[in-house]
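Asks: Sharing a model that was predicted from the sequence below.
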Amino acid sequence: MSYYNYIKALHLIFVITWFAGLFYMPRLFIYWIEAQQKEATARDILTKQFQLMAHRLWYIITWPSAILTVLSASALLYLMPNLLLQSWMWVKLGFVGALVLYHLKTHRIFKKMQRDEFPYSSNFMRIWNEGATLLLFAIVFLAILKNSFHWIFGVVGILLLGVLLMLGIRLYKRLRKKGEE
């Protein structure tokens, strides 16, 4: 069992670095998309810089962290298979599955933008960025509260958080528009 806590600590570190990448990548996408509105010289310089930054973030931090998170989680479940007998773990794994899908969709966006294709607006990317936030809240609350957390409160809490995040994005958009006038 002594290995378990070391692996658990590493797992937590990998989760944090994975989320750091997932939080920052859409932020880079926003700046990168908005750079396309600049005059040609600035746009070209900024585009090259954002391509480099995104490439490094994605392949040096985010992907390795995602892989190490999954490997360390697998090791933890191997060492403590009885965790799979608990319903909260299956719900958590469902959210982790959604996180993996979020990661893969972000990867597709990244690949398109590396080819100078901008399929989404900066406003869409602001909303997309909050997907990782919602998943983080769900996963952490399940991991900490386990069976003492009633699923109805969890669903209502995540929905409320989503509404608050959307309101925050709208408020930011209004303030930004007002500042440009």
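Replies: Looks like it came in fine.

Asks: ok, and the closest non-adjacent residue to A73?
Replies: Spatial nearest neighbour of A73, chain neighbours left out: H11 (5.9 Å); criterion: Cβ to Cβ, 6 or more residues apart in numbering. C-beta: built from backbone N, CA, C; applies to glycine.

Asks: Using neighbour counts, pick out the buried residues of the longest helix belonging to the chain.
Replies: Ranked by residue count, the top helix of the chain under DSSP state H comes out as helix 2-35. For helix 2-35, burial by neighbour count (16 or more other Cβ atoms under 10 Å) applies to 7-8, 10-11, 14-15, 17-19, 21-22, 24-26, 28-30, 32-33, 35.

Asks: Contact partners for S72?
Replies: 7-8, 10-11, 14 (Cβ atoms under 8 Å, 6 or more residues apart in numbering).

Asks: quick one: low-confidence ranges for the protein?
Replies: Along the chain, segments meeting pLDDT under 70 span 1, 147-155, 181.

Asks: can we see that at 80?
Replies: Along the chain, segments meeting pLDDT under 80 span 1-2, 147-159, 161-163, 165-167, 169-170, 172-181.

Asks: before we move on, which element is L171 in?
Replies: Using DSSP states H and E, L171 sits within helix 151-180.

Asks: same for that helix, what does it pack against?
Replies: Judged by 3 or more Cβ pairs under 8 Å, 6 or more residues apart in numbering; DSSP states H and E, helix 151-180 is in contact with helix 122-145.

Asks: buried stuff in the helix it packs on?
Replies: Those would be 122, 125-126, 128-132, 134-139, 141-142, for helix 122-145 by 16+ other Cβ under 10 Å.

Asks: ok, so of those residues, who is nearest H103?
Replies: Checking the buried residues of helix 122-145 against H103 with Cβ to Cβ, the nearest one is A132 at 8.8 Å.

Asks: Is it correct that that closest one is in contact with L101?
Replies: No: the pair A132 / L101 is not scored as a contact, 11.7 Å apart, by Cβ atoms under 8 Å.

Asks: before we move on, back to that, using a markdown table, please lay out the contacts of S72 together with distance to W90.
Replies: Below are the contacts of S72 laid out as a markdown table (distance: Cβ to Cβ, whole Å):
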| residue | distance to W90 |
| --- | --- |
| I7 | 21 |
| K8 | 19 |
| L10 | 23 |
| H11 | 18 |
| F14 | 21 |
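
Asks: Show me which of those is closest to Q51.
Replies: Nearest to Q51 out of the contacts of S72 is F14 (Cβ to Cβ; 25.7 Å).

Asks: which residues sit in contact with the closest one?
Replies: F14 neighbours (Cβ under 8 Å, 6+ apart): 65, 68-69, 72.

Asks: From L46, how far off is it?
Replies: 31 Å (Cβ to Cβ, to the nearest Å).
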